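sequence and predicted structure below; questions after.
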Amino acid sequence: MRTTTVALLLSFVLLGAASARAADSNAGTSGANFLKVGQGSARAMAMSGAFVALAEGSDAMTWNPAGLAVTQQRELSFSYLRYVQDVDSPLYLGYAHPMGRTTWGANLSYVSISGFDVRDAQGVPQPGEDVGVRDGLASIGIARSFWYEKLFLGSSIRVVHEDIAGAVKDTFVGDVGAILKPNPTLSLGFAVQNFGSGATNVARITRGGAGVRLGDFVTVGLELSKASDSGARISLGGEFQLPEEYLDVGQLTLRVGYRNADSLGQSSDETLKSLRLDRASNLSFGFGMYTSQAFGYGVSMDYAFVPYGALGTVDQISVKLKF
């Protein structure tokens, strides 16, 4: 079984690499690009988005709604995202509520962009002009497990709100997804996101991937994704959980990821230079901590750090309460 799993992953890598070479004539033609920044799960961001087969609980609302049905407890999550170029997401809330084999979920988020260099038709700066972008979303989803909790199917509907310098637009889109767990080692995932609207409003995203547990402490995720307005991307992520005997009150997990992103130049940050990450735009790092001894509840905190070359760095922190 282990040999078959490794062969499957290698085939998936080769397929993704071949697909990613092809240029896409639709690049940059869709709206609501804030949906691609990776809100809602620092764990997924730290693994470079290789998460479609590993999504679970409230995190699944962003990556694969089928993962809602994987959770066994109610979950309430909060995330804060500091993105590049003054893009800020101060609010992301997610909730998952199991009811037997069926789980309901919901999420909402807010994204703001400020600091625009506003000029008139002659190119003269207009310092008194207040121009901003305020975007957001709200979703509700449902998922159910089948086949003795080996197959999980889910769907969601989402309203995408865009306010660009006073021009307001609301768009309704849907997601569908599936996760197959044929054995405790292998997980396969597939999702289609943002369908039901024209591509010029919201880019449709198709995701497919696999997750593999290598022993008791290592998990590897692999994902191939394709947005309707860009080329295919392949992501590879891994996480290592320290054995629990090393910690008295919980678990500590270290994460790293790689994505075949385009080069974004060189950062001038001295710390990144000393770490030789000043030219990195395809790596991600992070960690997670979990304890079940916080006032009788399960509490987790995840952090992700992503260098984006000359554009700066991205940070996301997520906190989750299980009850």
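Noted; the coordinates are in hand.

can you pull the contacts of the residue nearest the centre of the chain?
In the chain, the centroid-proximal residue (Cα atoms, centre = their mean) is residue 38; its distance is 3.9 Å. Residues in contact with residue 38, defined by Cβ atoms under 8 Å, 6 or more residues apart in numbering, are 44-45, 49, 62, 81, 316. C-beta: built from backbone N, CA, C; applies to glycine.

kindly recompute the last result at 6 Å.
By Cβ atoms under 6 Å, 6 or more residues apart in numbering, residue 38 lies in contact with residue 45.

in what helix or strand does it lie?
Residue 38 is part of no helix or strand when elements are defined by DSSP states H and E.

for residue 182, see how far away it is.
Relative to residue 182, residue 38 is positioned 28 Å away (Cβ to Cβ, to the nearest Å).

what of residue 314?
35 Å.

before we move on, what about residue 224?
The value you get for residue 224 to residue 182, if Cβ to Cβ is used, is 20 Å.

between those two, which one's more packed in?
residue 224 (22 against 12; other Cβ atoms under 10 Å).

just the element for the closest residue to residue 262 other than its chain neighbours, please.
With Cβ to Cβ, 6 or more residues apart in numbering as the criterion, residue 262 has its nearest non-adjacent residue at 7.1 Å, and that residue is residue 281. According to DSSP H and E, residue 281 maps onto no helix or strand at all.

for the one 4 residues further on, same thing?
Residue 285 is part of strand 283-294 when elements are defined by DSSP H and E.

and that strand, what does it pack against?
Strand 283-294 sits against helix 42-46, strand 251-259, strand 297-307, with contacts defined as 3 or more Cβ pairs under 6 Å, 6 or more residues apart in numbering; DSSP states H and E.

most packed of those?
helix 42-46 (a mean of 30; mean count of other Cβ atoms under 10 Å).

count the neighbours of the residue nearest to residue 164 when sequence neighbours are not counted for me.
Once flanking residues are discounted, residue 164 sits nearest to residue 133: 5.2 Å by Cβ to Cβ, 6+ apart. By other Cβ under 10 Å, the residues close to residue 133 number 17.

try residue 150
Neighbours of residue 150 under the rule other Cβ under 10 Å: 13.

list the contacts for it?
residue 181.

can you give me the helices in this protein?
2-20, 42-46, 60-63, 270-274 (DSSP state H).

and the shortest one, average pLDDT?
Put plainly, it is helix 60-63. Averaged over helix 60-63, pLDDT sits at 92.

can you spell out which helices and strands pack onto that helix?
Against helix 60-63 (3+ Cβ pairs under 6 Å, 6+ apart) you get no helix or strand.

ok, now the second one?
When contacts are defined as 3+ Cβ pairs under 6 Å, 6+ apart, helix 42-46 packs onto strand 283-294, strand 297-307, strand 313-322.

quick one: residues in contact with that helix.
Residues from elsewhere that reach helix 42-46, judged by Cβ under 6 Å, 6+ apart: 38, 51, 63, 255, 284, 286, 288, 302-304, 316-318.

and residue 97, how far is that from residue 292?
19 Å.

the two: which is more packed in?
Set residue 97 next to residue 292 and count neighbours by other Cβ under 10 Å: residue 97 wins out with 16 against 13.

right, I'll leave it there.
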